[in-house]
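[1] here you go, sequence then predicted model.
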Amino acid sequence: MDMKQVLEDFDEAYNQAFNRGDAAGCAAFFTEDVMLLAPGEPMLRGREAFIEAYQSRMKQNTGGSHTNELIEFGVDGDTAYQVGLFAISDSNPPEKGKFVNVLKRQTDGTWKVCISIFNSDLS
C-alpha cells in the first residue's frame with residue numbers, strides 16, 4: 001500500500017466534490033461519526049452536521065477552486081494522519097490555511113477521515 005498515493009487520490013476526489021459544490025460528496029470521505037473542528041465554530045460530530053456545515057461553507061466561497069497540498073503523513077496499523085495546506089483560489093472571499101486529518105481504515109479497506117481540524121491563515 002502506497003499511503004502517499006492513497007492520500008493524494010483521496011484529496012483529488014475530495015477537491016472535485018468540493019468544486020462541484022457537493023457537500024454530500026465531500027462527506028462520503030468521512031466516517032459517520034466524524035468530528036469536525038473548524039475555525040470559529042463549536043465542534044461538530046456526525047456526517048449530517050458535516051454536510052450542513054459544508055453547504056454553508058461552499059455558499060460563502062463562491063467560484064474558485066479548492067486544492068490540498070500534502071505536507072506530511074504517517075500510518076500505524078489501521079490509523080493514519082495527514083497534515084496539509086488547503087486553498088480556495090479565485091473565490092470571494094479567498095481562503096487558505098492548514099489542516100490535520102486522522103483517518104481510519106474501514107472494513108472494506110478504504111480510508112475515511114474520523115477527525116478533521118482546519119484553520120485559516122487569513123484574518
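    Structure received.

[2] element containing the closest residue to Pro94 other than its chain neighbours, please.
    What sits nearest to Pro94 in space, not counting adjacent residues and going by C-beta to C-beta, 6 or more residues apart in numbering, is Ile88, at 6.4 Å. Heads up, the C-betas are built off the backbone N, CA and C, glycines and all. In this assignment (DSSP states H and E), Ile88 forms part of strand 79-89.

[3] so where is the chain shaky, pLDDT-wise?
    61-63, 123 (pLDDT under 70).

[4] which parts of it are helices?
    Along the chain, the segments classed as helices by DSSP state H run 3-20, 23-27, 47-60.

[5] relative to Leu36, which of those helices is closest?
    helix 47-60 (5.5 Å; C-beta to C-beta).

[6] now that closest one - C-alpha only, PDB.
    The C-alpha coordinates for helix 47-60 follow below in PDB (Å, rounded to 0.1, in the frame of the first residue of the first chain):
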ATOM      1  CA  ARG A  47     -21.900  13.300   8.800                       C
ATOM      2  CA  GLU A  48     -25.200  15.200   8.800                       C
ATOM      3  CA  ALA A  49     -23.600  18.000  10.700                       C
ATOM      4  CA  PHE A  50     -20.700  17.900   8.400                       C
ATOM      5  CA  ILE A  51     -23.000  18.300   5.300                       C
ATOM      6  CA  GLU A  52     -24.800  21.200   6.800                       C
ATOM      7  CA  ALA A  53     -21.500  23.000   7.700                       C
ATOM      8  CA  TYR A  54     -20.100  22.400   4.300                       C
ATOM      9  CA  GLN A  55     -23.200  23.500   2.400                       C
ATOM     10  CA  SER A  56     -22.800  26.800   4.300                       C
ATOM     11  CA  ARG A  57     -19.100  27.000   3.700                       C
ATOM     12  CA  MET A  58     -19.500  26.300   0.000                       C
ATOM     13  CA  LYS A  59     -22.100  29.100  -0.300                       C
ATOM     14  CA  GLN A  60     -19.600  31.500   1.300                       C
END
